[in-house]
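Undergrad: Give me coordinates for this.
(one chain, ligands or ions: 2)
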Amino acid sequence: MPLPPDSASPSPDSAPVFRVQVAVHTPVHSGVGGLLTYTHTTALPPGTLVRVPLGNRELLGVVWDSPADAEPVPNAQLKPVRSVLDGLPPLDARWRRLVAFAAQYYQRSLGEIALTGLPPALKDMTAEQLARRLAPKSKKLSKKAQAALDAQAVADAAAPAPALPPTIALSAEQQGVCAQMDQHPGPFLLYGATGSGKTEVYMQRVQQALLAATDTGFPTQALVMVPEINLTPQLLERFTARFAPQFGPQAVVSMHSGMTNPQRLKSWLAAHTGQARVLLGTRMAVFASLPGLQVIVVDEEHDPSYKQQEGARYSARDLAVWRARSQGAQVILGSATPSLESWHASEPADSGGPGRYLRLHMPSRIGAAELPRVRLVDMRQQPRKAVFSPPLIAAITERVQRGEQALVLLNRRGFAPVLFCADCNWKSDCPHCSAHQVFHKGDRTLRCHHCGFTQRVPHACPECGNPDILPLGKGTEQLEEELERLLRNVQRPDGNPARVGRIDADTTRLKGALEQQLDQVHSGEIDVLVGTQMVAKGHDFRRITLVAAVQPDGALFSSDFRAPERLFCLLMQAAGRAGRDGSYVAAQDSRPEMWVQTQDPEHMVFQALRQHDYPRFAQRQLREREDAGMPPFAFQALVRADARTQEAAQDFLRAASDAARQGELPHLDDVFLYPPIPMAMQRVADVERAQMLIEATDRRALQRFLHAWQPWLHWVRGQPQHKSLVRWLVDVDPQSL
Ligand SMILES: Nc1ncnc2c1ncn2[C@@H]1O[C@H](COP(=O)(O)OP(=O)(O)OP(=O)(O)O)[C@@H](O)[C@H]1O
Ligand SMILES: [Zn+2]
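TA: Numbers count the residues shown, from 1 in each chain. Ligands and ions are numbered 1, 2, ... in the order given. As a prediction, this is how the structure comes out:
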């Protein structure tokens, strides 16, 4: 795109101009710090959005600093700011503090984090376009239309104020928790069983925040975060129903990656200007501009999706805690299965714990609902090769015949994870990754879930021509097919045949598909739902009384030390979908159940699950981690390198490690640099991946070390022998190893 000539007229040499330091994001200027200096005819308030030239491009930037004094600057050295997006109030100091902290902590440039926090649509907008976007829509109306509007306004004014939604009477536990939140500044860890009514507590706290008076006059605001997009529509509905009557139809807005750029811009502007009072969103929402922020909720705080896994690898949960503290807002982390980090942080000080969070407990489900009874099926005692053990099928059949619903969980989509030739041992390996291509029966393809490489299923073994190639292992597609077969003669109480449905990333690719499929579950059209972790958490299903995890054991063999924690959470959350409506269960004279098919029923993960005993599980895991010196008792960072060969990737890491020693970086003695190793997924899309773990017992030592190391990493990367490196990055507090 050709650029217009500089609009700001060049000032004569040495005329006084104002220096403006601007945070911009360019890969070239991504070193830590990363402010570029421009000039302008006036000083610009920090937080102002500007468009600045860089090379032959024009970029959006945020004014970080602009001294109020003019000074003579030789014109040739510095370029002037191209335009100022002055229709928008500047981003406030608290937002800029958050960005500065995140940039420093996660070892990224200010500009990158700042731009991460802004809606993408702003990047390409001129000042005029933004002004138009901000101007109230003033369409010329016909006389008749105007008269109708006026009449409506008169009628509105005369009508009684909209009725407040009936507020639910809080349970005793909910009241107790809210009372504690009144007394204590937080942060709070709301440890509440699945179905204990945590959402109701959030709404109560949000309501209180929205009604609070401030001295700034800016409307008070709340940020509510959920781990996944698929939970936002549901929660949006609940929050809108609660708050729109009181605070206006625009009071609740959402923000997540499933929205179009114009939609995201709209939400962002509403939050920035105070029109929106509640912002509901996924991890990206943590960076939204919310000048009136009073309370932050992080629902399902244990969820790994709060950690951004690309670009700036920030933890939205951790930043939420930081943001709340730095601006005097309350923060509530909620979960039935808190992360071990948060659980540890909430160990009370009087029993020797850090006592950094206040732990609040809601053990009981709402109403008369009880937690499901957990049944472990020892698959070593079941017919070999059975996907579903006969007792599980009998239990599902019984539920369907009574008109209840069942949920079958398997965290693997597709029909089978691999195709296999028994004659020559050929396997459907992805040619570009160290992974198998997954067999999808629906469209008869082999698909790599890592790089997307897709092929038609071969008619015979590509190696030896054997026509009998076999699927190995199970995916959700196969479970669905298998259940349809097993339940084909089962009838529901209305005489119709049992209906099986499936929800996973494959069935929900199209926009609106997930909502539609969830509606089918809620309306009772589907009797047995097969799904991945997508359906295991957060959903308030009312008629599911049985949940089954059919092949959870794989996770027990993972090399990642967080694997047991992840599995336990997933199973507890899944169990939490059964029997949520106590009166329904009672009317059915039924009892909720969670089934787990496993080869290792004695494993402590399953034993703790059986007792619904998160504290015991957490205590044991934490003890192991303390003994092994792992998080939360140690702090970690990863340096990752991608290259065409594994050798090149590891060479870079070794050189980086040598540079740290030669450069005599601060705290070198307090951090431990492990040797580089290939990543568990070693090759993706023809790129070899390696990583190097850095560990310290003191967070600040690790931080200072990383900070001092950063320029060295850039320097090493610039050396000719590392030319073949594709990319490198630092991941602070990595969530998977
Ligand atoms: N005080 C109350 N009185 C009546 N019903 C309530 C009350 N509080 C919550 N509920 C209802 O109980 C159900 C479970 O509540 P909610 O969804 O808030 O649980 P949760 O703790 O967030 O569960 P999960 O962690 O499993 O997502 C919801 O249908 C909710 O409307
Ligand atoms: Zn691949």
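Undergrad: Tell me how this protein divides into domains.
TA: 16-94+119-127, 172-362, 373-413+475-627, 416-473, 635-732 (automatic domain parsing).
Undergrad: is the third one anywhere near ligand 1?
TA: The reference is to domain 373-413+475-627. Yes. For domain 373-413+475-627 and ligand 1, the contact criterion (C-beta under 6 Å from any ligand atom) is met by Gly538, Asp540, Gly576, Arg580. (C-beta placed from N, C-alpha, C; glycine too.)
Undergrad: any idea what sits nearest the second one, other than its immediate chain neighbours?
TA: This means Asp540. Spatial nearest neighbour of Asp540, chain neighbours left out: Arg580 (6.2 Å); criterion: C-beta to C-beta, 6 or more residues apart in numbering.
Undergrad: Equivalent analysis for the third one, please.
TA: For Gly576, the nearest residue in space outside its immediate sequence neighbours is Thr194; the separation is 2.4 Å by C-beta to C-beta, 6+ apart.
Undergrad: from memory the one you found sits against Ala336, does it?
TA: Yes. Counting by C-beta atoms under 8 Å, Thr194 touches Ala336, with 4.6 Å between them.
Undergrad: Overlap of the contact sets of those two?
TA: Here Thr194 and Ala336 have Met572, Gln573, Gly576 as joint contacts, going by C-beta atoms under 8 Å, 6 or more residues apart in numbering.
Undergrad: Angles on the backbone of Gln174, please.
TA: Backbone torsions of Gln174, given as degrees, to the nearest 10, read phi -60, psi -40.
Undergrad: which ones are touching it?
TA: Gly197, Glu200, Val201, Gln204, Met362.
Undergrad: 6 Å instead, please
TA: By C-beta atoms under 6 Å, 6 or more residues apart in numbering, Gln174 lies in contact with Gly197, Glu200, Val201.
Undergrad: Which members of those occur in strands, if any?
TA: Cross-referencing the contacts of Gln174 against strands under DSSP state E gives no overlap.
Undergrad: Take the residues you listed and keep only those in helices.
TA: Mapping those onto helices (DSSP state H) picks out Glu200, Val201.
Undergrad: Out of the contacts of Gln174, who's the most crowded?
TA: Val201 (26 neighbours; other C-beta atoms under 10 Å).
Undergrad: about what we covered before: for the residue nearest to Gly576, helix, strand, or coil?
TA: Here Thr194 is recorded as coil under DSSP: H, G, I helix; E, B strand; the rest coil.
Undergrad: Looking at it now. What's its pLDDT?
TA: Thr194 carries a pLDDT value of 88.
Undergrad: That one: neighbouring residues, count only.
TA: By the criterion of other C-beta under 10 Å, Thr194 has 25 neighbours.
Undergrad: how much space between it and Arg566?
TA: The gap separating Thr194 from Arg566 is 17 Å, by C-beta to C-beta, to the nearest Å.
Undergrad: In this structure Gly192 contacts Val201, no?
TA: No. Gly192 lies out of contact with Val201 (C-beta atoms under 6 Å); the separation is 7.5 Å.
Undergrad: can you give me the strands for the stretch 301-450 of the chain?
TA: Assignment of strands within the stretch 301-450 of the chain using DSSP state E, counting those that start in this stretch yields the ranges 330-335, 358-362, 373-378, 405-409, 418-421, 438-440, 445-447.
Undergrad: Give me the contact list for the third one.
TA: Spelled out, that is strand 373-378. The contact list for strand 373-378 (C-beta under 6 Å, 6+ apart) reads Ser389, Glu593, Met594, Trp595, Val596, Gln597, Pro601, Phe606, Leu609, Arg610.
Undergrad: Could you look up the SS state of the fourth one?
TA: Trp595 carries the three-state label strand when classified by three-state DSSP.
Undergrad: mind listing what it touches?
TA: Contact analysis of Trp595 by C-beta under 6 Å, 6+ apart lists Arg375, Leu392, Ala548.
Undergrad: for the stretch 151-300 of the chain, what spans make up the helices?
TA: In the stretch 151-300 of the chain, the helices defined using DSSP state H, counting those that start in this stretch lie at 172-183, 198-211, 232-247, 261-273.
Undergrad: check whether the third one contacts ligand 1.
TA: No. Using C-beta under 6 Å from any ligand atom as the criterion, no contacts between helix 232-247 and ligand 1 are found, and the smallest distance is 7.8 Å.
Undergrad: export that helix as CSV, just CAs?
TA: Only the C-alpha atoms of helix 232-247 are listed here, as CSV (Å, rounded to 0.1, in the frame of the first residue of the first chain):
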residue,chain,number,x,y,z
THR,A,232,-18.8,-17.2,27.0
PRO,A,233,-22.2,-17.3,25.3
GLN,A,234,-23.7,-19.2,28.3
LEU,A,235,-22.3,-16.8,30.9
LEU,A,236,-23.0,-13.8,28.7
GLU,A,237,-26.6,-14.8,28.8
ARG,A,238,-26.7,-15.2,32.6
PHE,A,239,-24.8,-11.9,33.2
THR,A,240,-26.9,-10.0,30.7
ALA,A,241,-30.1,-11.2,32.2
ARG,A,242,-28.9,-10.1,35.6
PHE,A,243,-27.4,-6.8,34.8
ALA,A,244,-29.0,-5.4,31.6
PRO,A,245,-32.2,-4.4,33.3
GLN,A,246,-30.3,-2.4,35.9
PHE,A,247,-27.4,-1.0,34.0
